[in-house]
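# Provide a 3D model corresponding to the input given below.
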Amino acid sequence: MKKIHFIAIGGAAMHNLALAMNEIPWYQVTGSDDEIFEPSRSRLAAKGLLPAKMGWYPERITPDLEAVILGMHATADNPELKKAQQLGLRIYSFPEYLYEQTRSKTRIVVGGSHGKTTTTAMILHVLKHVGMDADFMVGAQIEGFDTMVRLSPSSRVAVFEGDEYLTSPIDPRPKFHIYKPHIAVLTGIAWDHINVFPTFDIYCKQFQMFVDLMEAQGRLIYCSDDENLNRIVQHLRRDIIAFPYSTLEHKVVDGVTYAVTRNGDVPLKVFGKHNLQNLNAARLACLQLGISDKAFFDAIKTFGGASNRLEKIAEAKDSVAFRDFAHSPSKLRATINAVSEQYPGKRLVACMELHTFSSLTADFLPQYKGCMELADVAFVYFNPQVVEHKRLKPITAEEVKQAFGREDLVVFTDSAELVKRLHQLDYGNTALLMMSSGNFSGVDVPALAKELLG
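Coordinates of the predicted model:
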């Protein structure tokens with residue numbers, strides 16, 4: 001029996017990896033954390049993996065541990081980490097352990113500033129449909145999959161969402177630098193994570209390094225509409241073959257998007273320019289695994305999207321509501337444009353929350369200029385307490401309004417006031433779009449949308 005211990009087991013990715021390893025008979029999984037929230041808490045408890053007591057206990061770190069896996073929530077001076085270092089145990093970050101478990105497999109890694117989760121989910125949906133066994137790691141819950149991470153001794157393929165954020169408290173490398181893909185997908189580059197990458201040039205360099213770290217004879221699938229990716233491709237290693245893609249040929253009829261293919265028009269459940277680019281990227285990735293276009297489209301027509309990625313949460317006679325993870329300028333613009341294109345006859349009410357470190361930084365705010373121009377009604381919310389918690393310089397509602405460059409933009413700093421204003425609107429012939437990487441300071445967004453649409 002191989003024993004592995006998770007330091008900070010309660011994280012979204014960490015608890016999913018713990019659940020995945022617990023499914024393999026010859027592993028014994030334990031873990032620690034100082035606080036664990038839902039849904040991690042219930043999911044760990046259901047499998048007997050919830051720590052009996054919260055907190056850090058160095059005595060849990062013993063010489064017989066096969067590996068210690070360190071989560072981002074821990075700190076470099078964590079008592080359990082210190083004990084593991086003293087004992088000379090093998091310490092892995094989350095991405096390092098994924099790589100270690102898939103060294104002998106064909107690795108597909110999806111990177112980019114936007115669309116990573118959706119593209120990864122599309123590939124996995126198709127692989128499941130055609131019966132191809134695969135390991136995976138994806139950043140959201142997707143329909144038909146019990147966990148966000150899977151590792152299996154029998155699979156020969158691994159599909160990972162490649163995040164550019166830091167690897168662990170003791171390893172400042174971007175996560176996706178660890179994976180060394182055989183097949184890489186890059187969806188686009190738009191500046192993010194300014195607390196780690198203070199300039200756009202530094203941020204772009206991480207994607208160049210990602211490509212440079214690909215396995216020999218790698219295949220790079222990239223969005224040719226992105227000028228930053230086009231520059232990277234000009235300096236590819238000679239052994240890497242590049243496959244450009246753009247927006248899939250399509251048409252919209254009566255609110256349904258159809259992919260135009262050689263085998264006829266295929267109705268899709270997803271829509272919008274970026275989703276159609278993501279779909280084309282997934283198609284090329286699957287093609288590298290020997291999956292034909294016909295098989296791909298037979299599968300993808302049933303793909304309904306990943307959780308919180310342009311997810312339909314309410315619908316009435318002539319109105320519809322979506323929620324989306326959009327928080328960066330590029331994601332915000334793409335999501336609003338997608339809904340505007342899909343429902344050209346409807347009034348578009350767009351509401352977004354500034355929640356991330358970058359979005360709440362005064363110097364970054366001007367990046368949002370023009371992002372909400374296609375919305376008929378535009379609301380922005382931020383919580384000043386979150387700004388304080390992140391130890392950022394305070395921002396004002398007026399600064400936010402000026403940054404977005406829209407005179408009729410309404411900025412809220414009280415979520416109750418935002419909800420009150422939303423209740424005052426008429427939702428006849430309307431598309432409502434709620435966008436945040438948070439939850440508007442505790443708002444049950446799906447319940448609110450159902451209430452508003454009646």
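# shaky segments in the stretch 51-200 of the chain?
Nowhere does the stretch 51-200 of the chain drop to pLDDT under 70.
# so where do the strands sit in it?
65-70, 91-93, 106-111, 135-137, 149-150, 157-161, 166-168, 171-174, 183-186 (DSSP state E, counting those that start in this stretch).
# please identify the helix or strand for residue 230.
Taking DSSP states H and E as the criterion, residue 230 maps to helix 227-233.
# CA atoms only: put that helix into CSV for me.
The C-alpha trace of helix 227-233 is given here as CSV (Å, rounded to 0.1, in the frame of the first residue of the first chain):
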residue,chain,number,x,y,z
GLU,A,227,-1.4,38.3,-32.9
ASN,A,228,0.5,37.4,-29.7
LEU,A,229,0.3,33.7,-30.6
ASN,A,230,1.3,34.4,-34.2
ARG,A,231,4.5,36.0,-32.9
ILE,A,232,5.2,32.9,-30.7
VAL,A,233,4.7,30.6,-33.7
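# after it comes which helix or strand?
Taking DSSP H and E, what comes next after helix 227-233 is strand 241-245.
# as JSON lines, the strands of the stretch 51-200 of the chain with mean neighbour count would be great.
All C-beta spots, glycine's among them, are computed from the backbone N, C-alpha and C. Converted to JSON lines, the strands of the stretch 51-200 of the chain look like this (neighbours: other Cβ atoms under 10 Å):
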{"stretch": "strand 65-70", "mean neighbour count": "21"}
{"stretch": "strand 91-93", "mean neighbour count": "21"}
{"stretch": "strand 106-111", "mean neighbour count": "27"}
{"stretch": "strand 135-137", "mean neighbour count": "26"}
{"stretch": "strand 149-150", "mean neighbour count": "22"}
{"stretch": "strand 157-161", "mean neighbour count": "26"}
{"stretch": "strand 166-168", "mean neighbour count": "20"}
{"stretch": "strand 171-174", "mean neighbour count": "16"}
{"stretch": "strand 183-186", "mean neighbour count": "28"}
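# with distance to residue 12 added, can I get those in TSV?
TSV is the format used below for the strands of the stretch 51-200 of the chain (distance: least, Cβ to Cβ, whole Å):
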stretch	distance to residue 12
strand 65-70	14
strand 91-93	15
strand 106-111	17
strand 135-137	11
strand 149-150	10
strand 157-161	12
strand 166-168	15
strand 171-174	18
strand 183-186	22
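# wait, is residue 266 part of a strand?
Yes: under DSSP: H, G, I helix; E, B strand; the rest coil, residue 266 sits within a strand.
# returning to that earlier point: identify each buried residue in the helix holding residue 230, please.
For helix 227-233, the neighbour count (16 or more other Cβ atoms under 10 Å) marks 228, 229, 232, 233 as buried.
# and it, what does it pack onto?
Helix 227-233 sits against helix 200-212, strand 219-223, with contacts defined as 3 or more Cβ pairs under 8 Å, 6 or more residues apart in numbering; DSSP states H and E.
# for the longest one, buried residues please.
What it means is helix 200-212. In terms of neighbour count (16+ other Cβ under 10 Å), helix 200-212 has its buried residues at 203, 204, 206, 207, 208, 210, 211.
# ok, back up a step: between the strands of the stretch 51-200 of the chain, which one is closest to residue 218.
strand 183-186 (6.4 Å; Cβ to Cβ).
# quick check: neighbours of that closest one in the sheet, parallel or antiparallel?
strand 106-111 (parallel), strand 219-223 (parallel) (DSSP bridges).
# turn those strands into CSV, including distance to residue 139.
Putting the strands paired with strand 183-186 into CSV (distance: least, Cβ to Cβ, whole Å) gives the following:
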stretch, distance to residue 139
strand 106-111, 10
strand 219-223, 19
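# of all the ones you listed, which one is nearest residue 382?
Short answer: strand 106-111, nearest of those by Cβ to Cβ, at 28.2 Å.
# contacts for the closest one?
99, 116, 119-120, 123, 156-164, 176, 179-187, 207, 210, 215, 281, 285, 288-289 (Cβ atoms under 8 Å, 6 or more residues apart in numbering).
# kindly export that strand (C-alpha atoms) in PDB.
The C-alpha coordinates for strand 106-111 follow below in PDB (Å, rounded to 0.1, in the frame of the first residue of the first chain):
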ATOM      1  CA  THR A 106       0.300  11.200 -24.400                       C
ATOM      2  CA  ARG A 107      -0.400  14.500 -22.800                       C
ATOM      3  CA  ILE A 108      -2.800  17.100 -24.200                       C
ATOM      4  CA  VAL A 109      -2.500  20.500 -22.400                       C
ATOM      5  CA  VAL A 110      -4.900  23.400 -23.100                       C
ATOM      6  CA  GLY A 111      -3.500  26.800 -22.200                       C
END
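# hmm, what's the outermost residue in this protein?
Going by Cα atoms, centre = their mean, the residue of the chain most distant from its centre is residue 63, 36.0 Å out.
# for the nearest residue to residue 404 once chain neighbours are set aside, give me its contacts.
Nearest residue to residue 404, sequence neighbours excluded (Cβ to Cβ, 6 or more residues apart in numbering): residue 368, at 5.1 Å. Residue 368 is in contact with 329, 332, 359, 403, 404, counting by Cβ under 8 Å, 6+ apart.
# just the buried ones from these, in PyMOL syntax?
The buried residues among those can be selected in PyMOL (16+ other Cβ under 10 Å) with this line:
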select buried, resi 329+332+359+403+404
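# now, the most widely separated pair of the contacts of residue 368?
The two members of those with the most space between them (Cβ to Cβ) are 332 and 403, at 12.2 Å.
# residue 50 falls within a helix, correct?
No: assignment of residue 50 by three-state DSSP gives coil, placing it outside any helix.
# that one against residue 38, yeah?
No: in this structure, residue 50 is not within contact of residue 38 by Cβ atoms under 8 Å, at 11.6 Å.
# out of the two, which sits in the more crowded spot?
A side-by-side neighbour count of residue 50 and residue 38, using other Cβ atoms under 10 Å, places residue 50 first with 19 against 7.
# all good on my end, thank you.
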